[in-house]
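Peer 1: quick one, structure for this:
(2 chains)
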Amino acid sequence: SQKIEQNSEALNIQEGKTATLTCNYTNYSPAYLQWYRQDPGRGPVFLLLIRENEKEKRKERLKVTFDTTLKQSLFHITASQPADSATYLCAGARYGGSQGNLIFGKGTKLSVKP
Amino acid sequence: EAGVAQSPRYKIIEKRQSVAFWCNPISGHATLYWYQQILGQGPKLLIQFQNNGVVDDSQLPKDRFSAERLKGVDSTLKIQPAKLEDSAVYLCASRRIEGAEKLFFGSGTQLSVL
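Peer 2: Residues are numbered from 1 along each chain as shown, chains lettered A, B, ... in the order given. Purely as a prediction, here's the structure:
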């Protein structure tokens, strides 16, 4: 079955360091990947989108890569802050009808310590 | 702009009872989704509407779950009868059109089935 896998359930880092989260996909070739942030008791909030023909996208302290050979996306937060502590979800989809529905990974819980 | 509204925020019921959740998407968003998020998991799609028509309900347990989107705006999701394994957060999301567009999520309804 089609899967989006985020193998790290939790990641603990020190403030100021770069956090790197991994997303892998199997039995699947998503046309694009999206990354969301989810805080406790809240719905996910969109952060970044990257298409399969794009290698890298940046937004402020965030960077995402898409490697179709490795079937992997990396999500980086540079100069991390305690306020970045949250669960980060990776999701993929293709285009058109039900194929356009996002398949989500389980998420990685990031904790940034002061 | 106003976000996706959901109610209630919390619901506690006993197994075999029925429950209904309500969602009001962002104005003008044609596509509406209901997701189920079990603790520690990523959101799992239950049903997708395009305007007031169903696009994908392949993962909706139709023997107990039903959903409608009358007039292509508000939507309700119903569970009857509820089972213990239905305990989860039910998230509603919308997006303007299909395609590589971000989803806007509501805060969800946390359901506990005892």
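Peer 1: quick check, A:Ala19 in contact with A:Lys109.
Peer 2: No: counting by Cβ atoms under 8 Å, A:Ala19 does not reach A:Lys109; the two are 11.2 Å apart. All C-beta spots, glycine's among them, are computed from the backbone N, C-alpha and C.
Peer 1: contact residues of chain A facing chain B?
Peer 2: Taking Cβ under 8 Å from any Cβ of the partner chain as the criterion, chain A approaches chain B at residues A:4, A:6, A:9, A:31-32, A:34, A:36, A:41-46, A:49, A:51, A:89, A:91, A:93, A:95-98, A:100-107.
Peer 1: low-scoring stretches of chain B, by residue?
Peer 2: Low-confidence segments of chain B, defined by pLDDT under 70: B:1, B:98-100.
Peer 1: mind running it again at 80?
Peer 2: Within chain B, the stretches with pLDDT under 80 are B:1, B:97-100.
Peer 1: before we move on, what about chain A?
Peer 2: Low-confidence segments of chain A (pLDDT under 80): A:95-100.
Peer 1: strands of that one, start to end?
Peer 2: Remark: strands assigned in chain A by DSSP state E are A:3-5, A:10-14, A:19-26, A:32-38, A:45-51, A:56-59, A:62-67, A:72-77, A:86-93, A:103-104, A:108-113.
Peer 1: adding mean neighbour count, write these out as JSON lines.
Peer 2: Written out in JSON lines, the entries for the strands of chain A read as follows (neighbours: other Cβ atoms under 10 Å in any protein chain shown):
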{"stretch": "strand A:3-5", "mean neighbour count": "16"}
{"stretch": "strand A:10-14", "mean neighbour count": "13"}
{"stretch": "strand A:19-26", "mean neighbour count": "19"}
{"stretch": "strand A:32-38", "mean neighbour count": "23"}
{"stretch": "strand A:45-51", "mean neighbour count": "17"}
{"stretch": "strand A:56-59", "mean neighbour count": "13"}
{"stretch": "strand A:62-67", "mean neighbour count": "18"}
{"stretch": "strand A:72-77", "mean neighbour count": "20"}
{"stretch": "strand A:86-93", "mean neighbour count": "24"}
{"stretch": "strand A:103-104", "mean neighbour count": "21"}
{"stretch": "strand A:108-113", "mean neighbour count": "18"}
